[in-house]
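[1] What shape does this take:
(2 chains)
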Amino acid sequence: MKLKQLEGLLGDLQQFSNPKVDLEQYPTGPHIASRMLFTAENSYGDITDKVVADFGCGCGTLSAAAALLDAACVIGFDIDPQSLETATLNAEELEVEIDFVQCDITKLELKGRVVDTVVMNPPFGTRKKGADMEFLSAALKVSSRAVYSLHKTSTREHIKRAALRDFNAKSAEVICELRYDLPKLYKFHKRKEVDIAVDLWRFEPKQN
Amino acid sequence: MRLIVHNMLTCNIKGVVNKFPLRIEAEKVVIKKEVDFNTDFLRHMLAKIEWKALVDGARSMGYTELPDHAPEAEESYSFLKKFHHALLELHLEEGSLVCQETGRKFPVEKGVPNMLLHEDEV
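    Below is the predicted model of the structure:
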C-alpha cells in the first residue's frame, strides 16, 4: 500500500464525538498516523506479519493503520467504552480485523511477550501528570521488538533518560520531529488551532 | 475477543497469585474464516503461546480439535490449520473471563473484554 492511499483511508475514519478532556482524547490525524506506521514497517519491518498493540487506541486510527499494513494481529487497548465503540465501527468500515480490550493501561498485566510492537499516541500528561511515562513504561514491559510513541519535543531529554534508566529500554531514538495540529476541541482552547512540536520515538526493549 | 488475545490476559486484582489463564464462559461465539493462513507466523506464535490455555479456551468456545500437546518436531499442515483456526478465527462475542482464584467475572460484550477493576480491587 502506498503512503498516500493509507493516509486517504485513515482520513475517512470516525473520530471522537464527545472527547473527554480528562483522558486527553485527541484524534491522531491521518498525516501523522500514516507516516508513523509506514516508517515502522518500511524502515524497521515492525508491522507486517507482527502482533501489534495500540495503547490508548481511542477511535483506533493507529490500529487501523497497522491492520492496513498487514499486521498479523492488531489489538487496541483503551479505557473509554465510547471510543471503543467508534473504533469497532471504524474497523468494520475498513473491513479489517482488530481485537479491542477495555482496560486501564497503567494496571494492565499481560502474560509473556506475545506482542511484537506497540504503537501509541499516549496522553501527554497535561491532565493526569505522568500519564505519558506510565504508558511508556507499560509499553516497554509488553513488547518484544519495538515501541513507537509520540511525546512532546519539550520532554525529549526526560523521556530518553526515563526509558533507558528506568523502563528497561535497550535503545531510545527520535525518528523524526512532527507538528501535531490540534484543532479547537475543548471549550478552554483559546486558539482555533494550535501546533505542537512532537517527537516520534522508537524504543527497543531489552530482551529478557 | 480471539484466543490470541485471551492467551495474554491475566487477572490483575491486587494480591491474586493464580492470574492466568482466565476461564472462558462463552455465551455467543462467532466463527470468521477469512484470516490469511501464514505458516511462518504460526510457527513463531507456537513458541510463545501457552498451549494448555489455548486448548481449554478453544474447548470452552466449542472447538475440540486441538491436540492436548503441541507437536515436538515438524508440525503437520493439518495441525497448523487447526492451530490457525483456534488462535485467529474463533470470536467470543458475549460471555465472561473468570479469574480462577477469586471467581471474579470480567464481562465480554460485543467482543470486547472489560478488564477494568473496581476501586477495592486495585
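[2] What is the burial count for the residue in chain B that chain A sits nearest to?
    Nearest residue of chain B to chain A, counting by C-beta to the nearest C-beta: B:M115, 4.0 Å away. For glycine as for every other residue, the C-beta is placed from the backbone atoms N, C-alpha and C. By the measure other C-beta atoms under 10 Å in any protein chain shown, the count of residues near B:M115 is 22.
[3] Phi first, then psi, for the closest residue to it other than its chain neighbours.
    Nearest non-adjacent residue to B:M115, counting by C-beta to C-beta, 6 or more residues apart in numbering or on different chains: A:C103, 4.0 Å away. Per-residue torsions, A:C103: phi -170, psi 170 (degrees, to the nearest 10).
[4] Show me the helices in chain B, by range?
    B:3-6, B:39-48, B:51-60, B:77-88 (DSSP state H).
[5] ah, wrong one, I meant chain A
    Under DSSP H, chain A gives helices at A:3-11, A:30-42, A:61-68, A:81-94, A:131-142, A:156-165.
[6] Just the C-alphas of the fourth one, formatted as CSV.
    Extracted in CSV, the C-alpha atoms of helix A:81-94 (Å, rounded to 0.1, in the frame of the first residue of the first chain):
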residue,chain,number,x,y,z
PRO,A,81,-16.2,2.5,26.1
GLN,A,82,-17.5,5.1,23.7
SER,A,83,-14.2,5.3,21.9
LEU,A,84,-14.0,1.5,21.7
GLU,A,85,-17.5,1.5,20.1
THR,A,86,-16.3,4.0,17.5
ALA,A,87,-13.1,2.1,17.0
THR,A,88,-15.1,-1.1,16.4
LEU,A,89,-17.3,0.7,13.8
ASN,A,90,-14.1,2.0,12.1
ALA,A,91,-12.7,-1.5,11.8
GLU,A,92,-15.9,-2.7,10.3
GLU,A,93,-15.9,0.1,7.8
LEU,A,94,-12.4,-0.7,6.7
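[7] List of residues touching it?
    With contact meaning C-beta atoms under 8 Å, 6 or more residues apart in numbering or on different chains, helix A:81-94 is reached by A:9, A:12-18, A:25, A:57-61, A:63-64, A:67-68, A:76, A:78, A:97-98, A:100, A:102, B:110-112, B:114.
[8] Show me what from chain B comes close to chain A.
    Contacts of chain B with chain A, taken as C-beta under 8 Å from any C-beta of the partner chain, map to B:1-2, B:4-5, B:7-10, B:12, B:19-20, B:32, B:34-35, B:38, B:40-41, B:45, B:48-50, B:88, B:110-117, B:122.
[9] Just the buried residues out of those, in PyMOL syntax.
    The following PyMOL line selects those of those that are buried, judged by 16 or more other C-beta atoms under 10 Å in any protein chain shown:
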select buried, chain B and resi 1+2+4+5+7+8+9+10+12+19+20+38+41+45+48+49+50+88+111+112+113+114+115+117
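[10] residue contacts, residue 27?
    Chain wasn't specified; assuming chain A. So A:P27 contacts A:Q15, A:F16, A:G58, A:C59, A:T61 (C-beta under 8 Å, 6+ apart).
[11] should've been chain B
    Neighbours of B:E27 in contact, by C-beta under 8 Å, 6+ apart: B:E93, B:E94, B:G95.
[12] do B:W51 as well
    B:H69, B:A70.
[13] quick one: B:M8 and A:V115 touch, right?
    Yes: judged on C-beta atoms under 8 Å, B:M8 makes contact with A:V115 at a distance of 7.3 Å.
[14] For the helices of chain A, could you give me TSV that also reports mean neighbour count, mean pLDDT and distance to A:Y180?
    Below are the helices of chain A laid out as TSV (neighbours: other C-beta atoms under 10 Å in any protein chain shown; pLDDT from 0 to 100; distance: least, C-beta to C-beta, whole Å):
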stretch	mean neighbour count	mean pLDDT	distance to A:Y180
helix A:3-11	15	96	15
helix A:30-42	21	96	6
helix A:61-68	29	98	13
helix A:81-94	18	97	19
helix A:131-142	22	96	13
helix A:156-165	16	96	15
